[in-house]
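**Student:** Sequence and predicted structure are below.
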Amino acid sequence: MAARILHRLRHALGADGNREERTHDGAETEDCPESSELEDDTEGLSTRLSGTLSFSGHEEDEDEEEEEEEEEDGGEELPAGDAAQDGEWGPAARPGSVLSRQLQELWRRSRSSLVPQRLQFEVTSASVVSERSSKYVLYTIYLTRSGQLDKAPASISRRYSDFERLNRRLRGRFGCDMAAIAFPRKRLRRNFTAETIAKRSRAFEQFLSHLHSIAEIRRSPEFLEFFFLQDLRAAQRLTCTGMYREALATWSNAYRLQDRLGVCGSGRFLLTLAGLVVCHQELDQLGEAHGCCEQALQLLEAQDSHPLLGPFLQAHVHLAWKVGKDKRQSEARLQGLQEAGVPLQQQPSLKECLIKEPLE
């Protein structure tokens, strides 16, 4: 009896062990598809996530349709079940995907909202000046490009009579274009009150902005000379009298004014570069002088007969030797001018050109 009971127990235990072994084997055969499916999913997830936060230059060249497809793929969120299966992938994907979509949207909006830069005129200060028997208000105007922060903005200081002279000259030449442009009238009284000065400041800003919006006017010598001719005259006078530090500041402002107004290829701009070279050289700032020379020679690259070409080449050779830069190209160009019959020995230096150049 005892032997029969023992046999039955052994048989039952053996059957349970076989069932557990079969169950264990079955689970192992099912682990492979689950593992493979999970691996495929994480690979797909990493592919979708790659590039969603990349804002490198090549993405800017893609067309709108490709960007939208990338956003849809990159921003896809996994269901809760998939996130639980993916372990660390699931929880990290959801907040990252939301953030990437927001960044992409902000990036796209900022790109679509870009507008062409334009020149802005702002009266930053106005002061009452008394000189002997005269009294007037001096307005300081900054010229800045929209959307940019100028560390050293270009500025001018003008009085009402300067604006009135510009208005009169432009109306004489551009009558039709000037018909719709308002100009503040003269006042017999209360010219120096805060209210009058504030109103005129805003009127002058609008006046200059309106003038600059008309292509023919903003390219006219009357408009351009209003901004930088006074600085050029003052800088030339200071250079001739040996006040190089004061002259350098004035030449530099004239440079910035012409740069803002877009006239960096004119004869006046080359004269400005010559003034900068002379002042930098006199103040022993040879690297800056050499850089101004190179900029001038780039502008004169196709002008073999310009009167300032020889003086700039000679100054460049001298400065390049001083600062240890390559001077062979300038030497070769000087030799070409000499072979063409240009009397280099008789040509004035840049400083002599500044003294002799009339600024009418």
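**Tutor:** Thanks, I have it. Fair warning: this is a prediction, and the values are worked out from it, not measured in the lab. Residues are numbered from 1 along each chain as shown.
**Student:** mind listing what's buried in stretch 335-351?
**Tutor:** 337, 342, 347, 350-351 (16 or more other C-beta atoms under 10 Å). C-betas here are computed from N, CA, C, even on glycine.
**Student:** For stretch 312-322, give me every contacting residue.
**Tutor:** 274, 277, 281, 286, 289-290, 293-294, 296-297, 300, 325-327, 330-331, 333-334, 337, 344, 347, 349-350 (C-beta atoms under 8 Å, 6 or more residues apart in numbering).
**Student:** correction: stretch 204-215
**Tutor:** Contacts for stretch 204-215 (C-beta under 8 Å, 6+ apart): 119-123, 139, 141, 163, 167, 170, 174, 177, 181-184, 217-218, 223.
**Student:** about what we covered before: would you format the buried residues of stretch 335-351 as CSV with secondary structure and distance to residue 189 included?
**Tutor:** Formatted as CSV, those follow (DSSP: H, G, I helix; E, B strand; the rest coil; distance: C-beta to C-beta, whole Å):
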residue, secondary structure, distance to residue 189
337, helix, 63
342, coil, 63
347, coil, 58
350, helix, 51
351, helix, 50
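**Student:** how about those in TSV, adding distance to residue 243 and pLDDT?
**Tutor:** Shown next, in TSV, are the buried residues of stretch 335-351 (distance: C-beta to C-beta, whole Å; pLDDT from 0 to 100):
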residue	distance to residue 243	pLDDT
337	33	92
342	33	88
347	26	88
350	17	94
351	14	94
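**Student:** Selection in PyMOL covering whichever of the contacts of stretch 204-215 are buried, please.
**Tutor:** Buried subset of the contacts of stretch 204-215, written as a PyMOL selection, criterion 16+ other C-beta under 10 Å:
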select buried, resi 119+120+121+122+123+139+141+163+167+170+174+177+181+183+184+217+218+223
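**Student:** In strands, which of the contacts of stretch 204-215 appear?
**Tutor:** Judged by DSSP state E, the subset of those located in strands is 119-123, 139, 141.
**Student:** In those residues, find the pair that's most separated.
**Tutor:** The largest separation in the ones in strands among the contacts of stretch 204-215, counting by C-beta to C-beta, is between 119 and 139 at 17.1 Å.
**Student:** Number of residues surrounding residue 178?
**Tutor:** 19 (other C-beta atoms under 10 Å).
**Student:** go on, residue 212?
**Tutor:** 17.
**Student:** Can you show me the strands along the stretch 151-300 of the chain?
**Tutor:** Ranges of strands in the stretch 151-300 of the chain, per DSSP state E, counting those that start in this stretch, are 154-159.
**Student:** Show the low-confidence segments of the stretch 51-200 of the chain, by residue range.
**Tutor:** Counting by pLDDT under 70, the low-confidence segments of the stretch 51-200 of the chain come to 51-117, 148.
**Student:** Walking through it, point out its helices one by one.
**Tutor:** 57-60, 64-74, 80-86, 89-112, 160-173, 175-178, 194-212 (DSSP state H, counting those that start in this stretch).
**Student:** element containing residue 353, please.
**Tutor:** Element membership of residue 353 [criterion: DSSP states H and E] is helix 350-356.
**Student:** Who are the contact partners of the closest residue to residue 300 other than its chain neighbours?
**Tutor:** In this structure, residue 300 finds its nearest non-sequential neighbour in residue 309, 5.0 Å apart by C-beta to C-beta, 6 or more residues apart in numbering. By C-beta under 8 Å, 6+ apart, residue 309 lies in contact with 300, 303, 337.
**Student:** ok, now residue 226?
**Tutor:** Here residue 226 is in contact with 158, 162, 166 (C-beta under 8 Å, 6+ apart).
**Student:** Adding distance to residue 270, write those residues out as CSV.
**Tutor:** Output for the contacts of residue 226, formatted as CSV (distance: C-beta to C-beta, whole Å):
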residue, distance to residue 270
158, 25
162, 26
166, 25
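**Student:** just the buried members of those residues?
**Tutor:** Buried subset of the contacts of residue 226 (neighbour count, 16+ other C-beta under 10 Å): 158, 162, 166.
**Student:** Mind listing the residues bridging to residue 119?
**Tutor:** Residues in a beta bridge with residue 119, per DSSP bridges, are residue 145.
**Student:** Double-check it against residue 257; I have them as touching.
**Tutor:** No: under the criterion of C-beta atoms under 8 Å, residue 119 makes no contact with residue 257, lying 10.8 Å away.
**Student:** which residues do the two both contact?
**Tutor:** In contact with both residue 119 and residue 257: residue 143, using C-beta under 8 Å, 6+ apart.
**Student:** on that earlier part again, which of the contacts of residue 309 lies closest to residue 240?
**Tutor:** residue 300 (23.7 Å).
**Student:** Tell me if I'm right that the closest one and residue 306 touch.
**Tutor:** Yes: in this structure, residue 300 is within contact of residue 306 by C-beta under 8 Å, at 5.4 Å.
**Student:** Compare the two (neighbour count), which wins?
**Tutor:** Comparing residue 300 with residue 306 by other C-beta under 10 Å, the one with more neighbours is residue 300, at 18 against 15.
**Student:** Would you mind measuring from the more buried one to residue 312?
**Tutor:** 7 Å (C-beta to C-beta, to the nearest Å).
**Student:** Helices of the stretch 251-360 of the chain, start to end?
**Tutor:** Under DSSP H, counting those that start in this stretch, the stretch 251-360 of the chain gives helices at 267-282, 286-299, 309-323, 328-339, 350-356.
**Student:** Please identify the most buried of these.
**Tutor:** Greatest average neighbour count among the helices of the stretch 251-360 of the chain goes to helix 267-282 (a mean of 23), per mean count of other C-beta atoms under 10 Å.
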